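> Provided below are the primary sequence and the corresponding predicted coordinates.
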Amino acid sequence: MTATNALSPRALRRARRRQSLSRSWAAYRSQKTGMWGLVLLGAIVVLAIATPVLIDASALSVTQATGGRMAPPSAEYPLGTDETGRSVLALTLWGSRLSLVIGLTATVVAIVIGTAVGVTSGHIGGWYGWIALRLSDWFMVLPSLVVAIALLAVLGRSMATTITVIALVSWPGTTRLVRAQTLTVQSRPYLERAKALGAGHWHQMTKHILPNVLPLVLASATLLVPSAILMESSLAWLGLGDPGVVSWGSILNRASENGAVSAHAWWYLLPPGLAILLVVLAFMLCGRALEAVFNPRLRGES
Amino acid sequence: MLLEFKDLRVTYRGSRGRLPAVRGVDLAVDAGETLGIAGESGCGKSTLAMAVLRLLPKSAEVSGEILLDGEDLLQMGWGRLRAVRWTGASIVFQGAMHSLNAVQRIGRQIAEPILVHEAKTTPAAAARRAEALLERVGLPASRARSYPHELSGGQRQRVMIAMALACDPDLVIADEATTALDVMVQAQVLQLIAELVTERGVGLMMISHDLSVLSAVCDRAAVMYAGRIVEQGPAGEVFANARHPYSAALSAAFPVIGDPAARMSPGGLAGDPPDPVRLPEGCSFRPRCAVAVERCGAESPELLAVPVRGSAGVADAARVSACFVAQEGMPVVL
Amino acid sequence: MTDAPPPADGASTEAPSAGRAQSRRSPRDVNEHGERRVSSGFGRYLLKHAGGAAVSLLLVLFSSFFIFRLIAGDPIDQLTKERPVSPEQRAAMRAELGLDQPLWQQFWDYIAGTLTMDLGESFQYRRPIFDLIVERLPATLLLSGTGMVLAVVLGFWIGTRSGWKQGSRFDRGHVATGLVLYSAPTFWLGMIVILVFARYLGLFPVNGMRSPSTPPDFWSQAVDIGYHLVLPVLTYTAVVYAGYLMIMRSSILDEIGSDYLTTARAKGLRDDEVRQKHAVPNALLPTVTLVFLALGSVVNGSIVTETVFSWPGLGTLFVNSIFYPDRPVLQALFVLFSSSTILAVLCAEILYWFIDPRIRRS
């Protein structure tokens, strides 16, 4: 055991972290549905990344489309074509990139805001903490789609506004979770000790509170992505998406605008919708499993 | 016999394998008799209590016999079992905290078993009986309209006792019934239990880790260790003059107030109870035992009648102990 | 519980221990003075929560003013679209809309107008917005009310049984179904439902709330509306019920190891009596707030469902106003939708007082 003694504190910390990570992974692996979600998610992400290699971007061009108008599946177009003759398969694959990017970016922004507000409001407390709590409660109660539509209607449609708006309606859940966890950590003796040793607020928050809060944040982030993706698809379907890009929601928006339902063009409707369903389901399965790993006690209360 | 355990064994199936919690217990309670069961946490005494009404979780495997008035509870059908629950035997749970339904008025909770078991009783009559029971345990009848959180710990425990008596059972099992109470309240509740036992002639099986509680109420006492009875006898004698090193240590762990000797050498027992998955060879108490001999590591001692100090080496049938040293008539305390 | 049985089953990490329920509850339960009973606390409780709701409502008004008057820019541009207007006309319009007033005066007029139900006039319909809302409210209430009642009943019924028999075939099947439906986008599910039940099978009307050919008498109209209601309600319920299922299921799981359930079992109650008389009332308490808190998603769902089925309600009005753009309508509905969720939460808090005896103490 002399080797262990020789380790620097940093190496020791890293080793400890690696150990807890492998413990969590073992706990995660024991959950069958979580593993299914992970496999599904992995497959979707690989497909999304490989899309430019598989299908040239010119397949999205309306002017270069070669297929018939809303033609049913054929050998050339395995999932049929849209109203301009583009391959629905190509659209769906390319759409995955945008749906994932928007969902992930919006979640990251929401998580950063939510964690920052949660940790600071829990740690600093006082008037600031009270106002932050009331504000996040207020945001939480508002119907998110209504707020998002109102904001997009006045801000204009673009990818950046979509991401901003989704992040804006998603942060309060994280804030509440992080704040509660911060308050728990706050009352532990080691924080008292750190304070007694003269640790500043910044040190306390970054070195003691954040590491304790992060696993929970990860689990809740995994559950935020699917709602962000669903929100994006709803907004795009309503016609509030970036007009210049293809996402699953915007494909379905074109489909309903061009009468795909009355034309019985099931091949136009099913692929993008099922894609949304599968991605959302995959994230939900992973998120539920992560939640059970990191937070068996908080189930159902977040 | 009112209640009789015959070679009762309970094993929990868990993620770590099979955990034997009760390992062959033979025990009996006569009608109107009070039996105390002592032991530290995890020795299987609560499992024993819960096994009587078959309230153990599904992961528990139970074998042996539990005879209530001669009828084997473990062989009963569900319908018959439900009928026996609370009318044949009832339980006073450690009610101070969570054994009462937080969102139901206590009058209704006391009347509930009456309505379940006596089809002819009207709700109004059951409510009146609940009020009478409350008054019997020293609470005003108006308390029937209270919710559990509106009562103190002692009052809730009285409610639990009233509830246990609702269907006039022959046997009452008190599972750590006074543990969470402070000492004064505990004394009052014990007094009440003792009164009711004599007044109604019910059999009482009282489970506690607190020997003073048991010696105050019980005629007989049994000491459990690692899922087995290690000593049994008249309550006062078992605790005053133990014939098993574990009971001796248990008694010594409670200091005698005002006794300077107890203050100078606090009793107690080093180590922890054995891991039920990996029980030691031979006597399961051996690793913590100060008087163990060679034989203790090889064989597991049976529960046999032991000679009591001062009775000139004659074995007393009322005192049984599962200790080779005691069975030889040697002292079990260094 | 001195010698508690070992954890029932290590395989299920979801099962909450009894210890959790205890730790969650103990601070509220411990009460040394059993005599303390507060009966006059309701006034203070109500005042506190109503005050909070009032502040939230004010915040909604403020933010709607901020979004639609400040970020959105000059409404005259939208109103006149590309038509050329003289500066005089412009000034006249500004005066008519009160835009020539200082900002705080505009804000004050806006608040006063909203509170007196004077919501302004729709750009699109050239009618008072209040009338539009009154006209379309019944359709929305009918659709989302029916859907919500169905979703709550279904979700609670299944969730209770699912949680009670955790890991059973019933549980696994229903959780899987619920998760899949929950993952489906509402609008897409609606489109598929229309495609299958209206287009292919021809069982139900494609959209709208009534057919023009229906005789005007009450019963024919009622049957016709009910007929049109089936598919939207089906879609709406399918998406929303899973949330209630999960909430109720985890509430039941929280209760399942509790000591009071063992007491109930020991008393000789049947398993379903233990569940319905003891577990469910306790599990419902935390659920009620969550259900009301989730009302925002109910509004979300009804907006999308109405749009898919061209249901003549407030949601369709809201969506149709986006592209006109009919900002006064958007603004009014933003305030209406937001305040309805805030008021729903207030209702939940009031309801909580009556169903949870523990609240009344403090």
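Received the coordinates, thanks.
> Look up how far A:Met70 lies from the residue nearest to C:Val55 when sequence neighbours are not counted.
Leaving aside its chain neighbours, C:Val55 sits nearest to A:Arg134 (7.7 Å; criterion: Cβ to Cβ, 6 or more residues apart in numbering or on different chains). Backbone N, C-alpha and C define where each C-beta goes, glycine included. Computed as Cβ to Cβ, to the nearest Å, the A:Arg134 to A:Met70 distance reads 51 Å.
> Please say which of the two ends up with more neighbours.
Ranked by neighbour count (other Cβ atoms under 10 Å in any protein chain shown), A:Arg134 and A:Met70 place A:Met70 first, with 21 against 14.
> Quick one: neighbours of the closest residue to chain A within the stretch 151-300 of chain C, just the number.
Nearest residue of the stretch 151-300 of chain C to chain A, counting by Cβ to the nearest Cβ: C:Ser250, 2.8 Å away. Burial of C:Ser250 is recorded as 21 neighbouring residues (other Cβ under 10 Å).
> That one: which element?
Assigned by DSSP states H and E, C:Ser250 falls within helix C:218-255.
> Show me what counts as buried in that helix.
Going by neighbour count (16 or more other Cβ atoms under 10 Å in any protein chain shown), the buried part of helix C:218-255 is C:224-225, C:227-255.
> Stretch C:276-293 too?
Those would be C:277-293, for stretch C:276-293 by 16+ other Cβ under 10 Å.
> Restricted to helices, list these.
When DSSP state H is applied, the buried residues of stretch C:276-293 are split such that C:280-293 fall in helices.
> Reformat the residues you listed as TSV; add pLDDT.
Output for these, formatted as TSV (pLDDT from 0 to 100):
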residue	pLDDT
C:Val280	92
C:Pro281	90
C:Asn282	89
C:Ala283	89
C:Leu284	86
C:Leu285	81
C:Pro286	79
C:Thr287	82
C:Val288	80
C:Thr289	74
C:Leu290	76
C:Val291	78
C:Phe292	78
C:Leu293	74
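> of these, list those near chain A.
C:286, C:293 (Cβ under 8 Å from any Cβ of the partner chain).
> Throw the ones in helices among the buried residues of stretch C:276-293 into TSV and include distance to C:Gly120, thanks.
Listed next are those as TSV, based on distance: Cβ to Cβ, whole Å:
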residue	distance to C:Gly120
C:Val280	47
C:Pro281	47
C:Asn282	48
C:Ala283	46
C:Leu284	42
C:Leu285	42
C:Pro286	41
C:Thr287	39
C:Val288	36
C:Thr289	35
C:Leu290	36
C:Val291	34
C:Phe292	30
C:Leu293	31
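> Quick check: which ranges of the chain have low pLDDT?
Using chain A here. A:1-7, A:65, A:67, A:295-302 (pLDDT under 70).
> I was thinking of chain C, sorry if that wasn't clear
For chain C, the ranges with pLDDT under 70 are C:1-40, C:72-75, C:77-83, C:361-362.
> At the geometric centre of it, which residue do we find?
C:Leu295 (1.8 Å; Cα atoms, centre = their mean).
> element containing the nearest residue to that residue once chain neighbours are set aside?
Spatial nearest neighbour of C:Leu295, excluding adjacent residues (Cβ to Cβ, 6+ apart): C:Ala344 at 4.4 Å. Assigned by DSSP H and E, C:Ala344 belongs to helix C:327-355.
> okay, the angle between that helix and helix C:280-293?
Angle between the axes of helix C:327-355 and helix C:280-293 is 160 degrees (criterion: axes from the mean of the first three to the mean of the last three Cα atoms, to 10 degrees).
> can you tell me which residues contact the most centrally placed residue in chain B?
The centre of chain B sits closest to B:Ile207, judged by Cα atoms, centre = their mean, with a distance of 2.1 Å. By Cβ atoms under 8 Å, 6 or more residues apart in numbering or on different chains, the contact list for B:Ile207 reads B:36-37, B:45-46, B:48-49, B:173-176.
> Compute the distance between it and A:Val225, please.
For B:Ile207, the distance to A:Val225 - Cβ to Cβ - is 51 Å.
> Check the secondary structure at the residue of the stretch 151-300 of chain B at minimum distance from chain A for me.
Sorted by distance to chain A under Cβ to the nearest Cβ, the residues of the stretch 151-300 of chain B start with B:Val277, at 20.3 Å. Using DSSP: H, G, I helix; E, B strand; the rest coil, the structure places B:Val277 in coil.
> Three-state assignment for B:Val306, please.
Strictly by three-state DSSP, B:Val306 counts as strand.
> mind checking how far the residue nearest to A:Met159 when sequence neighbours are not counted is from A:Glu232?
Leaving aside its sequence neighbours, A:Met159 sits nearest to A:Asp242 (Cβ to Cβ, 6+ apart; 4.5 Å). Separation of A:Asp242 from A:Glu232 (Cβ to Cβ): 10 Å.
> and if you look at B:Arg295?
76 Å.
> then the lengthiest helix in chain B to PDB, C-alphas only?
Determined from DSSP H, the single longest helix within chain B is helix B:183-200. Taking C-alpha atoms only, helix B:183-200 is exported to PDB below (Å, rounded to 0.1, in the frame of the first residue of the first chain):
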ATOM      1  CA  VAL B 183     -39.100   7.500  30.800                       C
ATOM      2  CA  MET B 184     -42.000   9.000  32.700                       C
ATOM      3  CA  VAL B 185     -44.500   8.300  29.900                       C
ATOM      4  CA  GLN B 186     -43.000   4.900  29.400                       C
ATOM      5  CA  ALA B 187     -43.700   4.100  33.100                       C
ATOM      6  CA  GLN B 188     -47.300   5.200  32.700                       C
ATOM      7  CA  VAL B 189     -47.900   3.100  29.600                       C
ATOM      8  CA  LEU B 190     -46.300   0.100  31.200                       C
ATOM      9  CA  GLN B 191     -48.500   0.500  34.200                       C
ATOM     10  CA  LEU B 192     -51.500   0.600  31.800                       C
ATOM     11  CA  ILE B 193     -50.400  -2.500  29.900                       C
ATOM     12  CA  ALA B 194     -49.900  -4.400  33.200                       C
ATOM     13  CA  GLU B 195     -53.400  -3.300  34.400                       C
ATOM     14  CA  LEU B 196     -55.100  -4.300  31.300                       C
ATOM     15  CA  VAL B 197     -53.400  -7.700  31.200                       C
ATOM     16  CA  THR B 198     -54.700  -8.600  34.600                       C
ATOM     17  CA  GLU B 199     -58.000  -7.000  34.100                       C
ATOM     18  CA  ARG B 200     -58.800  -8.800  30.800                       C
END
